[in-house]
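Asks: next input, structure requested:
(chains A and B)
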Amino acid sequence: MRMMGLETEYGIAIEGCPVEDLLDSAMGLVRAYPGPHVALWDYGPESPRRDLRGFTAPVLAQDPADARYDRPDRPRTPAEVERSDRVLTNGARFYNDHGHPEYATPECRTVDDLVAHDRAGEGVVLTAANAYMTATGRSVHVYRNNTDFHGATYGCHESYLTRRCVPVAALVEGLTPYLVTRQIFCGAGKAGIEEGGAARPGYQMSQRADFVAVPLSVDTLYNRPLFNTRDEPHAAAAELVRLHVILGDANMSEWATAIKAGATSLALELVEQGWSPPVAPADLVVAVKAVSREIDLGPVGALSAAGQWSAVDVQRSYLDAAAKAFGGRDAGTDRVLCEWADVLDDLQSDLESAFDRVDWVAKRALMCQFADEEGLDLADPAMQSLDLAYHDLHPEHGLQVGLRQAGLVRRWVTEEAVTRALAAPPMDTRAAIRGHFVSRYADALVSVCWSGLGVRYRGHVERIDLGRLAQADLTRWSERLAQAADLDETMTIMSQLEGDADGRSRARRAAMQGESHAHPARR
Amino acid sequence: MHIRLEDRTPRPAPPTPQRKEEGEGPTRPDVKRPDNSDLLRRMRRVDPEAARRYRQRSGQ
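Replies: Coordinates of the predicted model:
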């Protein structure tokens, strides 16, 4: 499978801490993380303003409403100090993103690894929160969600590596019907609807749909797009693009995280092969909100001109094509296809049977039960507090955590896999190299980023280029690194690996001159 | 356009993944008769004002 990653911004509520102090409190929480790490993030190679459509935005838009929480007397803190980046032994990045502890998984090549590392991220954030509580004496609640119900949203972003030869228009046309409708199985559920700065009661599948403002944009903080056009591959830019999906919800259900990533990767693979979906919503912004609010899963007019398509119908068109193209290829793909098919069948035939997998279904069922028991209306404001509690990671307070503990939700990985992922990187991606240096040669590191390392060796700094290793299966090399006796042997292995990568780059460039690597739209 | 189920291309049934035995890995829970009495207790402990007070900075 392709290289993938997840970045989750967590919500936090700290006793005695107003929203105006969250920038500093989140920084303190991240810095309280007691696990092994290095704090040497290199921002140099980052390029968030570069757009896939061939230009660089002069500036990224900021949410003007957020400025009301800025303290005029707060001293200006350099960005790298405020972010407090920690690079962990498992290859992950843990940092403060504008008042939110954020965990970016290491690069993964399988859905199983991605889910294990995403769940490990919950452990890292909770460990930091516990250390912060001990140090400050203030209670902390950590929420894996995307809304504060008062106009603010924060993201759970996905990254999928794809080939630059696929035209941007093909990506947009091929993927947007899928992205608009996948919330039926990976929506986290939201009590309330926010529109035009006002809120009203209601229930919808997605926490992010209300905040989609435009079809395409490079922005992520304001005027958020359905399809993000940021061109920042963190890899060989001439060959590769990182599809950056910012539309998705942060799922409490690890099953939902798995299918979200697995099905999105397969949908992308269909588009890479030139497949086109059967619908083209005229207004993507209207469509994503309409699907989110159609909780009976009936036809949604905004999905097609004729208005007879339901979100399940659209998803089935992708599933059918993916099963035909990729079914039987390998066990991981078959597992995703099987679970994707099952959930579409269940949503259509018996919605509540998806309680054990789909967050928005589970959350709604809990709310309905509580409303019945307590004689409340579903429009009661207390339902938003239940919504928030569903996402609380606290082992004694969180509602979805309680479902996990009771064995009422379907698991994707074992707890043993999650525990392993807390310390160990995936062995088949470049994250293994990053993690190896952090765990064994932290003192020699001078800089770290997604696409490279700076290592002080024999009196000067060696730059290790991880960008061109983005596509390689590095299992064999990771095993050799694990056996290396010292830094000398490690650097020798890295030199051999870079020589091997040079050879593969030459072979790939030669192959790209042939038509087999061209997208059908360009042939 | 009216979509009829029988109009669709038959969907190849992907191979069913082998389920592991109890105790060996992820299992499928019985969702028909869940005992969620603990969940009700948790829900009753939730501060009904929690969401009203909850404020975050706008993120990405």
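
Asks: so the residue of chain B found nearest chain A is in which element?
Replies: Across chain B, the shortest distance to chain A (Cβ to the nearest Cβ) belongs to residue B:59, at 2.8 Å. In this view, the C-beta of every residue, glycine as well, is placed from N, C-alpha and C. Here residue B:59, judged by DSSP states H and E, is contained in no helix and no strand.

Asks: from memory it sits against residue A:97, does it?
Replies: Yes: between residue B:59 and residue A:97 a contact is recorded at 6.2 Å, counting by Cβ atoms under 8 Å.

Asks: which neighbours do those two share?
Replies: The overlap between the contact sets of residue B:59 and residue A:97 (Cβ atoms under 8 Å, 6 or more residues apart in numbering or on different chains) consists of A:9, A:154.

Asks: and the least confident helix or strand in chain A by mean pLDDT, what other elements does it pack with?
Replies: Every helix and strand of chain A was ranked by mean pLDDT, DSSP states H and E. The lowest is helix A:487-512, at a mean of 84. Packing contacts for helix A:487-512, counted by 3 or more Cβ pairs under 8 Å, 6 or more residues apart in numbering or on different chains; DSSP states H and E, involve helix A:431-440, strand A:452-457, strand A:460-465, helix A:475-483.

Asks: so where's chain A uncertain?
Replies: Along chain A, the model assigns pLDDT under 70 to residues A:505, A:508-518, A:521-523.

Asks: rewinding a little: what angle separates the least confident helix or strand of chain A from helix A:431-440?
Replies: Taking axes from the mean of the first three to the mean of the last three Cα atoms, to 10 degrees, one finds helix A:487-512 and helix A:431-440 inclined to each other by 170 degrees.

Asks: what's the local residue count around the residue in chain A positioned nearest to chain B?
Replies: Using Cβ to the nearest Cβ, residue A:154 is the residue of chain A that sits closest to chain B, at 2.8 Å. Neighbour count for residue A:154, taken as other Cβ atoms under 10 Å in any protein chain shown: 28.

Asks: same check, this time on residue A:369
Replies: Neighbour count for residue A:369, taken as other Cβ under 10 Å: 14.

Asks: let me see the contact set for the nearest residue to the residue of chain A closest to chain B once chain neighbours are set aside.
Replies: Using Cβ to Cβ, 6 or more residues apart in numbering or on different chains and skipping the chain neighbours, the partner closest in space to residue A:154 is residue B:59 (2.8 Å). Residue B:59 is in contact with A:9, A:97-100, A:152-155, A:221, counting by Cβ under 8 Å, 6+ apart.

Asks: now residue B:59. Its backbone dihedrals?
Replies: Dihedral pair for residue B:59: phi -110, psi -150, per degrees, to the nearest 10.

Asks: over to residue A:371?
Replies: Backbone torsions of residue A:371, given as degrees, to the nearest 10, read phi -60, psi -40.

Asks: so, low pLDDT: which residues of chain B?
Replies: For chain B, the stretches with pLDDT under 70 are B:1-35.

Asks: quick check: phi and psi at residue A:310.
Replies: Per degrees, to the nearest 10, the backbone of residue A:310 is at phi -100, psi 170.

Asks: next: residue A:292.
Replies: When quoted as degrees, to the nearest 10, the phi and psi of residue A:292 stand at phi -60, psi -30.

Asks: the spatially closest residue to it that is not a sequence neighbour: neighbouring residues, count only.
Replies: Of all residues not flanking residue A:292 in the chain, residue A:209 sits nearest, at 3.7 Å (Cβ to Cβ, 6+ apart). Neighbour count of residue A:209, defined by other Cβ under 10 Å: 25.

Asks: who are the neighbours in contact with residue A:209?
Replies: By Cβ under 8 Å, 6+ apart, residue A:209 lies in contact with A:183, A:288-289, A:291-293.

Asks: contact residues of the stretch 151-300 of chain A facing chain B?
Replies: Residues of the stretch 151-300 of chain A lying near chain B by Cβ under 8 Å from any Cβ of the partner chain: A:151-155, A:157, A:220-222, A:246.
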